[in-house]
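A.B. asks: using only what follows, build the 3D model:
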Amino acid sequence: MLKTIEAEVLKKHPSPALQREFAQHDFERLKPFCLLVYGASISIWLAFNLIVSFPGQQGFTFYSMIFLSVLVINLLVLAFNRRVRYFQWINLAFVSIIATGIRLVIEGLPMVLHPGWLILGASTILYSASVLPLSRWSFVTALLITWGVLNPFYLTETSLLEVKGTMVLFYAVFLSALTLYSFLKLRQLKLSNYIMAKLLLEQAYVDPLTEIPNRRSFMTSAGQKLDHQPRTHDHYLAMIDIDNFKKVNDVYGHDIGDEVLKRVAQDIKGVMVDFDYARLGGEEFGIYLAGVRHDDVEQLAALLCRRVREEPSQHPVTISIGLARVEDGETLNQAMIKADQALYESKHTGKDRFTFHVP
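C.D. replies: Got it, this is the predicted structure:
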């Protein structure tokens, strides 16, 4: 089953909106890792700078202090940034600064060592960039900046006409192709996994017919509200049942019954948009109203009954509602039992109405 779903996911091209959603999610999840990569890169650069400056007798210059300050500022900007689109530019700035800093440090080494260390610096930057949550254009731009600054043939004694130069060029091309391929494949796999996880979550927590949350989702979200939301006002639980729904199915067929369920679900969603609602099963729905007053609950219940009753349709229906106040220390299941009892009263005293549970 999992392979079937995966195959279906891979066939579909994700929409631009879904790709933006994935990019933001990926950045938020990997932001601590990005900070770690930036911090480690700065530390390694500083360590090499100090080695060249003191044991190498080059001296720790004013420019080194400027580069260190700018890199730390870049790290702090990333720490406060929350948008993936800004991260693309932050990363390009970081790549430009640290690549330039690496080039200047390497300039303090003997000329014969420059090509090897330039290749090593470029490979470190490109590998680090390949595992960051970057867009394709941003990674390609970072690749071009890296080789533009850390070009092993610029201001060195390496020539393309020599065997050494040919080997350096071959390795540079190979490294670029490998990191680009790894980046694209990793990004594709992460996007596919995100789409699969989103699809499986929707199947697990959304009712496929009415496209509103299902019982599992309702019990989870309402349970969290019951346990953690401060009691500034009362909490109420509503149980809703479509009146004479079996008759609708028997007379008009299940297709019409499904249309009625969808219509009632949309009415509930429209009236109770600020609260937790769900289809609990069959023609039964539930609503958890957190932080409301008794009068507000009455108005919302009356509005919902009226909206369903007056909905223009060839197959009009009404609903009955049972309401129960969720007491302190009470579980969600206990509140549902009380709301069910109130619903029973509504069904047996005329229907198309709401009733509060009386202790």
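A.B. asks: hey, let's count contacts and neighbours off CA atoms from now on
C.D. replies: Noted.
A.B. asks: what's downstream of the helix or strand of the chain with the lowest mean pLDDT, the next helix or strand?
C.D. replies: Least confident helix or strand of the chain, by mean pLDDT, DSSP states H and E, is helix 2-11 with a mean of 63. Once helix 2-11 ends, the next helix or strand along the chain (criterion: DSSP states H and E) is helix 16-53.
A.B. asks: what are the boundaries of the helices in the protein?
C.D. replies: 2-11, 16-53, 62-80, 84-106, 114-130, 136-149, 163-205, 215-228, 245-252, 254-271, 294-310, 332-347 (DSSP state H).
A.B. asks: dump the ones you listed to JSON lines, plus distance to A238 and mean neighbour count.
C.D. replies: Shown next, in JSON lines, are those (distance: least, C-alpha to C-alpha, whole Å; neighbours: other C-alpha atoms under 10 Å):
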{"stretch": "helix 2-11", "distance to A238": "36", "mean neighbour count": "11"}
{"stretch": "helix 16-53", "distance to A238": "34", "mean neighbour count": "16"}
{"stretch": "helix 62-80", "distance to A238": "42", "mean neighbour count": "15"}
{"stretch": "helix 84-106", "distance to A238": "40", "mean neighbour count": "19"}
{"stretch": "helix 114-130", "distance to A238": "51", "mean neighbour count": "19"}
{"stretch": "helix 136-149", "distance to A238": "49", "mean neighbour count": "18"}
{"stretch": "helix 163-205", "distance to A238": "20", "mean neighbour count": "15"}
{"stretch": "helix 215-228", "distance to A238": "12", "mean neighbour count": "17"}
{"stretch": "helix 245-252", "distance to A238": "19", "mean neighbour count": "13"}
{"stretch": "helix 254-271", "distance to A238": "11", "mean neighbour count": "18"}
{"stretch": "helix 294-310", "distance to A238": "9", "mean neighbour count": "16"}
{"stretch": "helix 332-347", "distance to A238": "6", "mean neighbour count": "20"}
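A.B. asks: between these, which one is closest to A278.
C.D. replies: The closest of the helices of the chain to A278 is helix 215-228. By C-alpha to C-alpha, the value is 5.8 Å.
A.B. asks: for the closest one, the distance to its chain's centre please.
C.D. replies: 21 Å (C-alpha atoms, centre = their mean, to the nearest Å).
A.B. asks: could you do stretch 321-337 as well?
C.D. replies: With C-alpha atoms, centre = their mean, you get 33 Å for stretch 321-337.
A.B. asks: neighbouring contacts of that stretch?
C.D. replies: Stretch 321-337 is contacted by residues 219, 222-223, 226, 234-241, 301, 338-346, 352-357 when judged by C-alpha atoms under 8 Å, 6 or more residues apart in numbering.
A.B. asks: pLDDT weak spots in the stretch 1-150 of the chain?
C.D. replies: 1-12, 55-60 (pLDDT under 70).
A.B. asks: now do 80
C.D. replies: Along the stretch 1-150 of the chain, segments meeting pLDDT under 80 span 1-14, 53-63.
A.B. asks: quick one on the thing from earlier: now distance to R325 too, for the helices of the chain, in CSV please.
C.D. replies: Listed next are those as CSV, based on distance: least, C-alpha to C-alpha, whole Å:
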stretch, distance to R325
helix 2-11, 42
helix 16-53, 38
helix 62-80, 43
helix 84-106, 43
helix 114-130, 54
helix 136-149, 53
helix 163-205, 26
helix 215-228, 12
helix 245-252, 27
helix 254-271, 19
helix 294-310, 9
helix 332-347, 7
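A.B. asks: grab the most central residue of this protein for me.
C.D. replies: Taking C-alpha atoms, centre = their mean, the centroid of the chain lies closest to H25, which sits 3.1 Å from it.
A.B. asks: any idea how far it lies from R82?
C.D. replies: Distance of H25 to R82, given as C-alpha to C-alpha, to the nearest Å: 11 Å.
A.B. asks: please apply the same query to T61.
C.D. replies: T61 is 34 Å from R82, where distance means C-alpha to C-alpha.
A.B. asks: neighbour-wise, which of those two wins?
C.D. replies: R82 (14 against 10; other C-alpha atoms under 10 Å).
A.B. asks: I'd guessed the more buried one sits against D26; true?
C.D. replies: No - using C-alpha atoms under 8 Å, R82 is not in contact with D26; the gap is 11.6 Å.
A.B. asks: got a pLDDT number for L160?
C.D. replies: If you check L160, the pLDDT there is 73.
A.B. asks: my guess is it contacts P152, does it?
C.D. replies: No - if you go by C-alpha under 8 Å, L160 and P152 don't touch, sitting 10.4 Å apart.
A.B. asks: ok, those two, which is more surrounded?
C.D. replies: P152 (23 against 12).
A.B. asks: ok, the more buried one to F174 distance?
C.D. replies: For P152, the distance to F174 - C-alpha to C-alpha - is 14 Å.
A.B. asks: what does R82 give?
C.D. replies: 34 Å.
A.B. asks: E298 now?
C.D. replies: Distance from E298 to F174, by C-alpha to C-alpha: 70 Å.
A.B. asks: repeat for K31
C.D. replies: Separation of K31 from F174 (C-alpha to C-alpha) stands at 29 Å.
A.B. asks: then V292?
C.D. replies: Taking C-alpha to C-alpha, one finds V292 at 64 Å from F174.
A.B. asks: domains in the chain, by residue range?
C.D. replies: 1-203, 215-356 (the TED database).
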